[in-house]
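Chemist: Whatever this is, show me its structure:
(chains A, B and C)
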Amino acid sequence: MPPVILLADANNFYASCEAALNPQLAGKPLLVLSNNDGCIVARSAAAKKLGFKMGQPLFQCLDLVKKHEVEVVSSNYPLYADMSARVMQVLARFAPQMEPYSIDEAFLALPGFSPAELDWHSKTLRDTVRRWTGITVSVGLAITKTLAKIANERAKKVPELEGVFDISAYSTEKLDELLANTEVEDVWGIGRQRGRLLRQYGYSTAYDLKYAPDGWLKKNLTITGLRTAWELRGIPCLPLELAPPPKKAIACTRSFGGSVTKLAELREAVATYSSRVAEKLREQGSVAGVIQVFIHTNHFNPREPYYANHYTMRLAQPSSFSPTLVNYAQHALEQIYRPGYRYIKAGVIVTDLSSQSAFQLGLLEGPDPWEVEGEGRLMSAVDTLNQRFGREKVRLASSGLERRWWMKQTRLSPRYTTNWQELPIAFAT
DNA sequence: TCTGGGGTCCTAGGACCC
DNA sequence: TCTGGGGTCCTAGGACCC
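Modeler: Numbers count the residues shown, from 1 in each chain, chains lettered A, B, ... in the order given. All right, here's what the predicted structure looks like:
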């Protein structure tokens, strides 16, 4: 018997994090905004009920916000990352094997449980996460990840299920009935484009997708679409990833608080982003072989000329040394900068990553090992300081002081769990 | 006026080679 | 006028996810 897959997925995660640390928000309509306070990226249950849509620009629904006195906050990623780690720690106690899949969900493998045991286990898991973290998770159980996703979705939607839905022991008939009542776009791996194509050919439900011919699936949805159909048939094609594989690309890209026209300001932003990229590289022990910089103006505004460009460079030697990456990025920026435009976003992406240690071993014809050693020690000293005293406490001067381009975050909640000065207050005297 | 960020995987097509 | 066949590698772009 293959193990049952349990998918635990937090409800309205970002909104729940805010409410968990600020009891005054409990039960109220609450919106969490994207970087720059532009779009809605999370909604509390009450806000969903009022009709706010995921991804909707805030300025389009200000009337509704005012009318219902909806609370609105900027996104606070250090808080969500910390809460996520706490939730994951609790979840890990409930299975021998776990794959943290995203900031708010994880797959668990449960071998050798009876249906009654699965039910008790899932309810205990849910209660424990709620009591220990203040976050509510929904649980779906099935024999493949794709089916567990569908079960989880139901657990969220149908109140009678009380947050847990187990379809791991369903007969083919029962499962097919459930799939026939599931829109094809609600299947994990079927987005807008594939949904449209499937419907054109008359495949409008998960059931239709399950029984679509393999040849058609492979040809039109590639191997990934074929795997999805097999998973619906109960054949596991997506194994649990127990150890997170190293990233193959690392990026830091941001919209500016307002538009930026001067090269000097773009240079600050690009220096900041490439420093951050270098830091992320060092976190996973990688060096980058290729760096790309892009900038663009606002493509939503038809009244002003649009310009977008990117420039890619191969490093002479793979590196994670901040000053090196900043220098390359600055050079790349100069290749694509054109005066006279109002830029609203820039980004730095590194690829062709390899392991720091493998790189150093193969260094017979490489750079001076003493130099690399010195760079490494400098960076680890900087990283240690910043971990201890807060991000960017030590940084390159080229990343700017005034930083007029910095993103807008006008409604940031306190860093309740990651800063001693901003702990939640239980009793005020 | 105001519209997120960071990833993965897959394929088609071009360059290049013998 | 007629102009092979098969393979690899790389990249850009598309689709998807949260």
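Chemist: so which strand or helix has residue A:100?
Modeler: Per DSSP states H and E: residue A:100 is located in strand A:97-102.
Chemist: partners of that strand in the sheet?
Modeler: Strand A:97-102 sits in its sheet next to strand A:105-110 (antiparallel), going by DSSP bridges.
Chemist: Is any residue of the strand it pairs with near DNA strand C?
Modeler: Yes - judged by Cβ under 7 Å from any atom of the strand, strand A:105-110 comes into contact with DNA strand C at residue A:105. (C-beta placed from N, C-alpha, C; glycine too.)
Chemist: picking that back up, the strand holding residue A:100 and DNA strand B in contact?
Modeler: No - contact of strand A:97-102 with DNA strand B (Cβ under 7 Å from any atom of the strand) is absent, the minimum separation being 7.8 Å.
Chemist: Need the mean per-residue confidence for that strand.
Modeler: Taken as a whole, strand A:97-102 has an average pLDDT of 97.
Chemist: Now that strand: buried residues?
Modeler: Of the residues in strand A:97-102, those buried by neighbour count under the rule 16 or more other Cβ atoms under 10 Å are A:98-101.
Chemist: Looking at those residues, spot the one nearest residue A:255.
Modeler: Of all the buried residues of strand A:97-102, residue A:255 sits closest to residue A:101, with 26.8 Å by Cβ to Cβ.
Chemist: which residues does the residue nearest to that closest one when sequence neighbours are not counted bridge with?
Modeler: Once flanking residues are discounted, residue A:101 sits nearest to residue A:107: 5.8 Å by Cβ to Cβ, 6 or more residues apart in numbering. As for beta bridges, residue A:107 partners with residue A:7, residue A:99 under DSSP bridges.
Chemist: first vs last residue of stretch A:49-63, how far apart are they?
Modeler: Chord length of stretch A:49-63, first to last residue, is 16 Å (Cα to Cα, to the nearest Å).
Chemist: re the thing from before, from the buried residues of strand A:97-102, which single one is nearest DNA strand B?
Modeler: Set against DNA strand B, the nearest of those by Cβ to the nearest atom of the strand is residue A:101 (10.8 Å).
Chemist: Quick check: that closest one touching residue A:88?
Modeler: No - using Cβ atoms under 8 Å, residue A:101 makes no contact with residue A:88, being 10.3 Å away.
Chemist: quick revisit: please give me every residue in contact with the residue nearest to residue A:101.
Modeler: With contacts defined as Cβ atoms under 8 Å, 6 or more residues apart in numbering, the neighbours of residue A:107 are A:5-7, A:98-99, A:101, A:145, A:148, A:240.
Chemist: Taking the buried residues of strand A:97-102 together, which two end up most distant?
Modeler: Of all pairs drawn from the buried residues of strand A:97-102, the greatest distance, 9.5 Å, lies between A:98 and A:101 (Cβ to Cβ).
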